[in-house]
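**Q** this is the structure alone, sequence omitted:
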């Protein structure tokens, strides 16, 4: 997987514990860290480490480090090792089977194989010849990993496997070549070459199958990385040339032909086409693009030719940011894993002590062979991998599945909090509605014409980024009206705007703003406002000093999928609230269209966070869904901030979950996916604890053959991976 370097924005903590970004490079080198490959907890000070995307990763062994750095190469190496080891184990099995078949047929093994002519090739020596390559070639990675761990004064899985299989192998060597060294009399048939070989085979086979499933499960990030094209066509000094995609400079002109991938973020200069953004945003239909439209790097151009100016390149592109968020989330953990982390910290030393204690007790009881088998079985069956990967395996699949559906989840902690949500608060404009209001009503008063009212309103709103201002601007442009010269503009937050014209004040806004200039609205005007608001329209007043010049109304269109999203949330027992700065009548009219019965209206942007806090004080776990700059404080205050993809960068930065598309049904999918992922994590942890809790005592009592222990150990880790991979089948309601 290619590295992507993205700088974490300072201060991005959402105000919640556990949600802050990773420490800067070189900071936080003390304490413990989790190996992202096997899940082992290792000390930062002595562990192997590498850096990717500005983040330090720590590893228990060289094998895990190599797998992280080059997973495809490590998979090929693992495949060769498994083939070699399985071949050795099959040779042992065929040798034993051949001998038994020969004896059963009444043919003397001595006459079939002239052992007297081969004095060194006795039964035990044949097994020695076949098992030795398996032990030292197939098991080489365990020895190198164990040696690296011991040099760091640490114990890991490689130490357990290397110690257990080495005891079986070297004990057998002594039985064959120097039996007098042992304190008890033994026969050459009492060897355990097969034990060591089969254990290595089972462990490698399990790891190989794990890697295959992991590779499939992490396909989301790989698909995202594959979206970035290798080359791009740029225009430099009037000449078209092909350059590597990562060599594009900001501000450079880029040419995209039909069917090509867009190599960077930018703005269309000329040309028209449709662009497939489905892999990034989840939107199934191509999006029309023309001059002035924004392009996202990694999306696929349709049949038209586009020329655009690159605005964000390299690690600043939306695609790079998405990859960064997904990788960070997959490498994170959740608090439910903390107990497992604490256990794995002392687990390996405890297992070694239990193994030696079992061996000593069996030997004192006069059962040397049973003690040896118990020692090996305890070491082999107690691999802590299942505990270590219980959370990372499920997170990798869950976060990846979310990314495939256009849902970016920042961390495992976010998934854990999302599972507990009881209330979802939706912002109205741009979230439940399309956020593109249009002018619907224009009522001039005091003998003024429609043109005069619209011209003055357009002049006041000129330069404003509010969606309502855009509706006024569109109407002004459609009528080809010139803007009037105004001075001393002042935005009244949550109310409207004021300015000076010819020494007098003019204003445009809601009732609250009008109350600054009029003690009371005239009854006819109040009636007009009430009638418009009852229709779900946003009505505004235009005035000069204490005189009302006209009433202007705009209406926003409800998103077609909003009603279904609300219904699905209610079906899951989630309380749904709409939060709006509009007056109550207008807000309730919109809420009724989508099936929301609880409305909190006339809330100023600065007060939205306080509204979220009051819900939290009532014992609610709250998700805030919004898209605007004024939603950022509320997004950061909520237990989970969900920013929709069409929103501002500030809203996205404050969001714990980012919906790349504009379909609010993704809120339902995100909550459902978080619940499914947390169920898998708990299942994984339960079976991992049960496995070790039952397996180690059975092995210590001598009731478990080491070969079966090896198979069980491999199966335990594999079962966690397989159980987690089932999340890939998750489907949104």
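**A** Yes, it's here. Being a predicted model, the structure only gives us computed values, none of them experimental. Residues are numbered from 1 along each chain as shown.
**Q** for the longest helix along the chain, buried residues please.
**A** Ranked by number of residues, the top helix in the chain under DSSP state H is helix 665-700. Across helix 665-700, burial judged by 16 or more other Cβ atoms under 10 Å covers 665-678, 680-681, 683-685, 687-689, 691-692, 695-696, 698-700. For the C-beta atoms, the positions are set from N, CA and C on the backbone; glycine is no exception.
**Q** same check on stretch 126-135?
**A** Counting neighbours by 16+ other Cβ under 10 Å, one finds that the buried residues in stretch 126-135 are 126, 127, 128, 130, 131, 132, 133, 134, 135.
**Q** what separation is there between the first one and residue 178?
**A** So the one you mean is residue 126. Distance from residue 126 to residue 178, counting by Cβ to Cβ, to the nearest Å: 18 Å.
**Q** cool, the second one as well?
**A** Plainly put, residue 127 is 16 Å away from residue 178 if you go by Cβ to Cβ.
**Q** of all the buried residues of stretch 126-135, which comes closest to residue 551?
**A** Each of the buried residues of stretch 126-135 was checked against residue 551 using Cβ to Cβ; the closest is residue 134, at 87.6 Å.
**Q** that closest one in helix, strand or coil?
**A** helix (DSSP: H, G, I helix; E, B strand; the rest coil).
**Q** pretty sure it sits against residue 197.
**A** Yes: A contact is recorded between residue 134 and residue 197 when judged using Cβ atoms under 8 Å, the distance being 4.3 Å.
**Q** any stretches of the stretch 51-200 of the chain with poor pLDDT?
**A** Residues of the stretch 51-200 of the chain meeting the criterion pLDDT under 70: 52-55, 63, 70-121, 155-157, 182-190.
**Q** in it, which spans are helices?
**A** For the stretch 51-200 of the chain, the helices defined by DSSP state H, counting those that start in this stretch cover 62-69, 71-104, 109-112, 123-133, 140-151, 157-177, 193-217.
**Q** tell me the secondary structure at residue 485.
**A** Local secondary structure at residue 485 is given as coil here, using three-state DSSP.
**Q** how close does it sit to residue 550?
**A** In this structure, residue 485 and residue 550 are separated by 20 Å, where distance is defined by Cβ to Cβ.
**Q** which of these two has more neighbours?
**A** Ranked by neighbour count (other Cβ atoms under 10 Å), residue 485 and residue 550 place residue 550 first, with 24 against 9.
**Q** now the more buried one: closest residue in space, sequence neighbours ignored.
**A** Here the nearest residue to residue 550 in space, its sequence neighbours aside, is residue 453; by Cβ to Cβ, 6 or more residues apart in numbering that works out to 3.7 Å.
**Q** okay, how far is it across stretch 425-445, tip to tip?
**A** 38 Å (Cα to Cα, to the nearest Å).
**Q** can you start the count at 195 instead of 1 from here on
**A** Yep, numbering from 195; the last one is stretch 619-639 now.
**Q** mean confidence (pLDDT) on it, please.
**A** What stretch 619-639 shows for mean pLDDT is 85.
**Q** who's in contact with the nearest residue to residue 490 once chain neighbours are set aside?
**A** With Cβ to Cβ, 6+ apart as the criterion, residue 490 has its nearest non-adjacent residue at 5.1 Å, and that residue is residue 512. The contact partners of residue 512, taken as Cβ atoms under 8 Å, 6 or more residues apart in numbering, are 459, 474, 490, 491, 492, 506.
**Q** at 7 Å what do you get?
**A** Residue 512 makes contacts with 459, 490, 491, as judged by Cβ atoms under 7 Å, 6 or more residues apart in numbering.
**Q** narrow these to those in helices?
**A** The helices in this structure, assigned by DSSP H, contain none of the contacts of residue 512.
**Q** could you single out the nearest of those to residue 694?
**A** Taking Cβ to Cβ as the measure, residue 694 lies nearest residue 459 of the contacts of residue 512, at 40.2 Å.
**Q** can you give me the distance of the closest one to residue 821?
**A** Taking Cβ to Cβ as the measure, residue 459 and residue 821 are separated by 19 Å.
**Q** swap in residue 827?
**A** 14 Å.
**Q** what of residue 802?
**A** The spacing between residue 802 and residue 821, counted by Cβ to Cβ, is 13 Å.
**Q** go ahead and confirm residue 827 touches residue 805.
**A** No: with contact taken as Cβ atoms under 7 Å, residue 827 and residue 805 are classed as non-touching, separated by 10.5 Å.
**Q** of the two, who's got more company?
**A** Neighbours per residue, other Cβ under 10 Å: of residue 827 and residue 805, the larger number sits with residue 827, 22 against 19.
**Q** for the more buried one, report the pLDDT, please.
**A** Among the per-residue scores, residue 827 shows a pLDDT of 82.
**Q** assign it to helix, strand or coil.
**A** Secondary structure state of residue 827, per three-state DSSP, is helix.
**Q** contacts only, for it.
**A** For residue 827, counting by Cβ under 7 Å, 6+ apart, the contacting residues are 802, 803.
**Q** same deal with residue 689?
**A** Counting by Cβ under 7 Å, 6+ apart, residue 689 has contacts 703, 704, 706, 707.
**Q** what's the burial count for the second one?
**A** Residue 704 is surrounded by 21 other residues when neighbours are defined as other Cβ under 10 Å.
**Q** that one touches residue 687, doesn't it?
**A** No: in terms of Cβ under 7 Å, residue 704 does not count as a neighbour of residue 687; the distance is 11.7 Å.
**Q** contacting residues for residue 427?
**A** If you count contacts by Cβ under 7 Å, 6+ apart, then residue 427 has 434, 436, 448, 449 around it.
**Q** try 8 Å
**A** With Cβ under 8 Å, 6+ apart as the criterion, the residues that contact residue 427 are 434, 435, 436, 448, 449, 450, 451.
**Q** now, which of the residues you listed sits nearest residue 500?
**A** For the contacts of residue 427, the nearest to residue 500 is residue 450 (4.6 Å; Cβ to Cβ).
**Q** next up, the contacts around the closest one.
**A** In this structure, residue 450 makes contact with 427, 456, 457, 495, 499, 500, 501, 502, judged by Cβ under 8 Å, 6+ apart.
**Q** beta partners for it?
**A** Going by DSSP bridges, residue 450 is paired in beta bridges with residue 500.
**Q** how near is it to residue 431?
**A** In this view, residue 450 and residue 431 are 20 Å apart by Cβ to Cβ.
**Q** where exactly do the helices run in the stretch 645-794 of the chain?
**A** 661-672, 705-708, 717-728, 756-765, 778-788.
**Q** quick one: contacts of the first one?
**A** Put plainly, it is helix 661-672. Outside helix 661-672, the residues within contact range by Cβ under 8 Å, 6+ apart are 623-624, 629-633, 636, 648-649, 651-652, 655-656, 677, 732, 734, 746, 748, 750.
**Q** so residue 747 makes contact with residue 730?
**A** No: using Cβ under 8 Å as the test, residue 747 is too far from residue 730 to be in contact (10.1 Å).
**Q** ok, residue 367 touching residue 321?
**A** No: applying Cβ under 8 Å, one finds residue 367 not in contact with residue 321, separated by 10.3 Å.
**Q** where does the prediction get shaky in the stretch 795-927 of the chain?
**A** 822-824, 840-848, 904, 908, 926-927.
**Q** go on, the stretch 545-694 of the chain?
**A** Applying pLDDT under 70 to the stretch 545-694 of the chain flags residues 577-583, 657, 659, 661.
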